[in-house]
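Visitor: give the three-dimensional model of this entry:
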Amino acid sequence: MIWRILLTLTAGVGAIAGLVLSVQHFQTGETCPQLGPVPACYLVFAGYALVLASAWLPIRRAAWAFWMGWTPIAALASAGTVFELVEGNVCPRTDSGIPQCFISLGIAIALLVLWLALNQHSKRLRHQS
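Guide: Reported below is the predicted structural model:
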């Protein structure tokens, strides 16, 4: 149960941050980089929402939601981090000036660790039954 709660809290933080950026982008049209016609923050928010849902789906059904959500989060955070380090001023920043793609990459890594721990715990429980 603790792994589900930690996964929920971590994905919830990401979802809230993605929602805030998405609303800002919707209002200004300038907050997030575009991926074709879609702002990156919309994809990130959707990804976090899927990961959040996966935390409470039955573990065998949750995998698709987790991977469909986590993959764009991790890919965009990784790409954003690389571009931020190489070119600079690519990612939206926090009030203290930290590029949010750095934070998103950290959250993506944490989500992966939590997901793997949840799956490992679930396997142990199934084998004990």
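Visitor: what stretches of the chain score poorly on pLDDT?
Guide: Along the chain, segments meeting pLDDT under 70 span 126-127, 129.
Visitor: surely Phe102 and Glu84 touch.
Guide: Yes: if you go by Cβ atoms under 8 Å, Phe102 and Glu84 touch, sitting 7.2 Å apart. The way it works is simple: take the backbone N, C-alpha and C, and place the C-beta from them, glycine included.
Visitor: which residues are in contact with each of those two?
Guide: Residues touching both Phe102 and Glu84 (Cβ atoms under 8 Å, 6 or more residues apart in numbering): Cys91.
Visitor: going along the chain, name the strands of this structure.
Guide: Remark: strands assigned in the chain by DSSP state E are 34-35, 38-39.
Visitor: what is the end-to-end distance of stretch 85-98?
Guide: Criterion Cα to Cα, to the nearest Å; first-to-last residue distance in stretch 85-98 is 12 Å.
Visitor: got the buried residues for that stretch?
Guide: For stretch 85-98, burial by neighbour count (16 or more other Cβ atoms under 10 Å) applies to Val90, Cys91, Pro92.
Visitor: got the contact list for it?
Guide: Against stretch 85-98 from outside (Cβ under 8 Å, 6+ apart): 21, 24, 31-33, 41, 80-81, 83-84, 99-103.
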